[in-house]
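**Student:** Build me a structure from this.
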Amino acid sequence: MLGSCQRPETATDTPASAAVPVTTEAAARAAVGSYVQALPEHDLYQTDSASVMEAGAQFQVLVPRTDWAGRMPNKAAFNVDKQTGAVTEQLVK
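**Tutor:** Numbers count the residues shown, from 1 in each chain. Prediction:
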């Protein structure tokens, strides 16, 4: 039943640009914002409400989705590599 509210289990790697280091939380949020704009359902993501956490060599960015309101989890997760700026979708369970 919950399978209908979550994205299919696929991981996608897309560099934000040609190996641009991401050193701040604001830069990580911007990289995810650019990545989300390229997605077919970009209007479902509330990037202005994203939260960012440092996780070693990467930032983890949690972005609320309007179609997941009232459900758990209600945020999509993205990892941003600090050295390359590559954005990766993280599966949320």
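
**Student:** Name the residue closest to the centre of this structure, please.
**Tutor:** Centroid check for the chain by C-alpha atoms, centre = their mean gives F78 as the closest residue, at 2.8 Å.

**Student:** what helix or strand does that residue sit in?
**Tutor:** Following DSSP states H and E, one finds F78 within strand 75-81.

**Student:** same thing with A31?
**Tutor:** Under the criterion of DSSP H and E, A31 resides in helix 25-37.

**Student:** mind listing what's buried in that helix?
**Tutor:** The neighbour-count check on helix 25-37 (16 or more other C-beta atoms under 10 Å) flags E25, A27, A28, R29, A30, A31, V32, G33, Y35, V36 as buried. In this view, the C-beta of every residue, glycine as well, is placed from N, C-alpha and C.

**Student:** Likewise for stretch 73-91?
**Tutor:** Under the neighbour-count criterion of 16+ other C-beta under 10 Å, stretch 73-91 has 75-82, 84-89 buried.

**Student:** What ranges does the chain have for its strands?
**Tutor:** Assigned by DSSP state E, the chain shows strands spanning 13-15, 51-55, 58-64, 75-81, 86-90.

**Student:** list the helices and strands the last one packs on?
**Tutor:** Pointing back at strand 86-90 there. strand 13-15, helix 25-37, strand 75-81 (3 or more C-beta pairs under 8 Å, 6 or more residues apart in numbering; DSSP states H and E).

**Student:** quick one, which of those is nearest to T47?
**Tutor:** Minimum separation from T47 across those (C-beta to C-beta) falls at helix 25-37, 4.5 Å.
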